[in-house]
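J.: Please work out how this folds:
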Amino acid sequence: MATFIDPLVRTKKVIVCCGAGGVGKTTTAAAIGVASAAAGRRVLVLTIDPARRLAEAMGIPEAAREPTAVPRARLDALDVPPEGELSAWMLAPEVVFESMVRKLAKDEAHAKEVFANRLYQHLSKIVAGMQEYTAAEALHALSTDGRYDLVVLDTPPSRNALAFLEAPRKLAMFLDERVIGVFLPHKSAFMRAASDLIEKVFTRAFGAGFFDDLQSFLGVFSGMFGGMRAHADAVRSLLLSQDAAFLLVTSPEPAALAEAAFFQSKIRELGLPFAGYVLNRSWAYTRGFVGPETIELPEGAGDTERLALRKLGQLADTERWRAQRDRDLLAKLRMQTESGAAIATPHLGGAVEDLAGLGALAKNLVQLDNR
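T.: Residues are numbered from 1 along each chain as shown. Got it, this is the predicted structure:
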């Protein structure tokens with residue numbers, strides 16, 4: 001039976017995976033990419049910080065300046081049809097920034113002027129905190145350039161992802177010329193007086209010369225603010241549209257479930273299209289589990305054999321309790337969605353770090369085997 005994720009991987013343009021750290025969110029995003037490629041689509045998995053072995057399995061090189069395609073031979077092993085393609089890229093904020101400048105600059109000379117600006121050089125090196133904002137720009141560029149049918153975005157762990165969810169709105173507010181204009185040189189006496197006051201405040205806070213650098217930075221950028229704001233608005237429109245879907249990945253751990261509930265409330269508050277839950281690393285599906293009570297001891301079995309069988313029974317009871325716990329959690333998650341969209345993925349015994357594992361997980365995501 002097909003799951004609620006099956007139509008998502010076949011029709012959506014953007015799937016955003018959110019959730020706490022350590023729940024297998026990156027692996028789930030990669031598996032969704034595999035599932036969509038297996039459906040014959042051209043897919044990009046845009047990730048933040050994949051595990052080293054998972055990155056190697058998908059062929060993601062460190063410090064890549066553009067997405068890398070998974071070799072055809074590896075896709076053939078996953079039964080991906082010829083028209084299906086899978087690429088991956090670990091988000092590089094400085095590369096996204098540079099690409100955005102080149103697209104929005106009037107010409108190459110203008111772009112070089114921006115790159116040479118001292119404040120821009122410092123800004124482009126501040127990677128921490130930029131990932132969430134550049135993720136929105138990368139999502140715009142990569143979902144609209146025609147290369148991919150679907151972009152799967154693996155957001156930063158825990159509540160840092162909220163910066164990504166709100167980035168388009170905040171960027172559009174920041175790029176309001178009425179705000180930016182206060183910092184630029186003016187002919188108006190009133191605006192000059194306001195600018196002088198701001199300069200004094202900035203000089204006291206950051207030292208002499210900073211305000212001049214800021215004015216220079218905003219001056220070379222001023223012709224691009226309209227394009228940047230248009231991108232921000234386009235990303236927000238895309239994320240609010242039916243072309244997008246937000247998935248919450250969680251695990252049976254109480255802390256992860258609490259984070260998932262927080263994310264769901266925030267997603268609804270922002271009006272984003274929430275698609276459902278993935279309860280990862282779950283024991284909800286016993287998949288043909290047979291208890292030791294079906295074992296018949298041979299005649300003449302001694303106390304050792306009987307004791308061993310009793311201990312097996314105790315272990316089986318623990319497994320049954322764990323399976324029932326996860327089924328109850330899955331039922332609770334389904335009650336928290338309007339359409340009952342929640343699925344559990346099996347615990348595969350450890351971290352999924354190769355394409356074969358991703359292929360197995362992908363099948364479980366789109367095809368339910370509830371035994």
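
J.: what's the following helix or strand after the lengthiest strand in the chain?
T.: Looking across the chain with DSSP state E, the single longest strand is strand 274-282. Going down the chain from strand 274-282, the next helix or strand is helix 303-335, by DSSP states H and E.

J.: so how far is that following helix from its chain's centroid?
T.: 34 Å (Cα atoms, centre = their mean, to the nearest Å).

J.: ok so, going back, now do the longest strand of the chain against helix 303-335, angle only.
T.: 170 degrees (axes from the mean of the first three to the mean of the last three Cα atoms, to 10 degrees).

J.: Put the alpha carbons of strand 274-282 into CSV.
T.: The C-alpha trace of strand 274-282 is given here as CSV (Å, rounded to 0.1, in the frame of the first residue of the first chain):
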residue,chain,number,x,y,z
PHE,A,274,2.6,20.7,6.5
ALA,A,275,2.5,17.2,4.9
GLY,A,276,2.9,14.9,7.8
TYR,A,277,5.3,13.0,10.2
VAL,A,278,8.0,10.5,9.7
LEU,A,279,8.6,8.5,12.9
ASN,A,280,12.1,7.3,12.2
ARG,A,281,14.1,4.4,13.7
SER,A,282,10.9,2.9,14.9
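
J.: for it, packing partners?
T.: helix 5-11, helix 25-38, strand 244-250, helix 254-269, helix 303-335, strand 342-346 (3 or more Cβ pairs under 8 Å, 6 or more residues apart in numbering; DSSP states H and E). C-beta here means a position set from N, CA and C on the backbone, and glycine is covered the same way.

J.: Let's see that with 10 Å instead.
T.: Here strand 274-282 touches helix 5-11, strand 14-18, helix 25-38, strand 244-250, helix 254-269, helix 303-335, strand 342-346, helix 355-366, going by 3 or more Cβ pairs under 10 Å, 6 or more residues apart in numbering; DSSP states H and E.

J.: Identify the neighbouring strands of that strand in the sheet and state each direction.
T.: strand 244-250 (parallel), strand 342-346 (parallel) (DSSP bridges).

J.: just those: most buried one?
T.: Burial of the strands paired with strand 274-282 is given as mean neighbour count (mean count of other Cβ atoms under 10 Å); strand 244-250 ranks first at a mean of 26.

J.: Kindly calculate the angle that that strand makes with helix 254-269.
T.: Using the same axes, to 10 degrees: strand 244-250 against helix 254-269 is 160 degrees.

J.: can I get the CA coordinates of strand 244-250 in PDB?
T.: Presented in PDB, the C-alpha positions along strand 244-250 are these (Å, rounded to 0.1, in the frame of the first residue of the first chain):
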ATOM      1  CA  ALA A 244       6.000  22.600  -1.500                       C
ATOM      2  CA  ALA A 245       5.600  20.100   1.400                       C
ATOM      3  CA  PHE A 246       7.100  20.200   4.900                       C
ATOM      4  CA  LEU A 247       7.800  16.900   6.600                       C
ATOM      5  CA  LEU A 248       8.600  16.600  10.300                       C
ATOM      6  CA  VAL A 249      11.100  13.800  11.100                       C
ATOM      7  CA  THR A 250      11.200  12.600  14.700                       C
END
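
J.: Kindly confirm my reading that residue 43 forms part of a helix.
T.: No. Counting by DSSP: H, G, I helix; E, B strand; the rest coil, one finds residue 43 to be strand, located in no helix.

J.: and it, what does it touch?
T.: 9, 15, 32-37, 70, 80, 84-88, 148-152 (Cβ atoms under 10 Å, 6 or more residues apart in numbering).

J.: That one and residue 278, how far apart?
T.: As judged by Cβ to Cβ, to the nearest Å, residue 43 and residue 278 stand 17 Å apart.

J.: One more: residue 367?
T.: 14 Å.

J.: And the two? Which one has more around it.
T.: residue 278 (30 against 13; other Cβ atoms under 10 Å).

J.: phi, psi of the most centrally placed residue in the chain?
T.: The residue lying closest to the centre of the chain (Cα atoms, centre = their mean) is residue 154, at 1.7 Å. Dihedral angles of residue 154 (phi, psi; degrees, to the nearest 10) stand at phi -100, psi 110.
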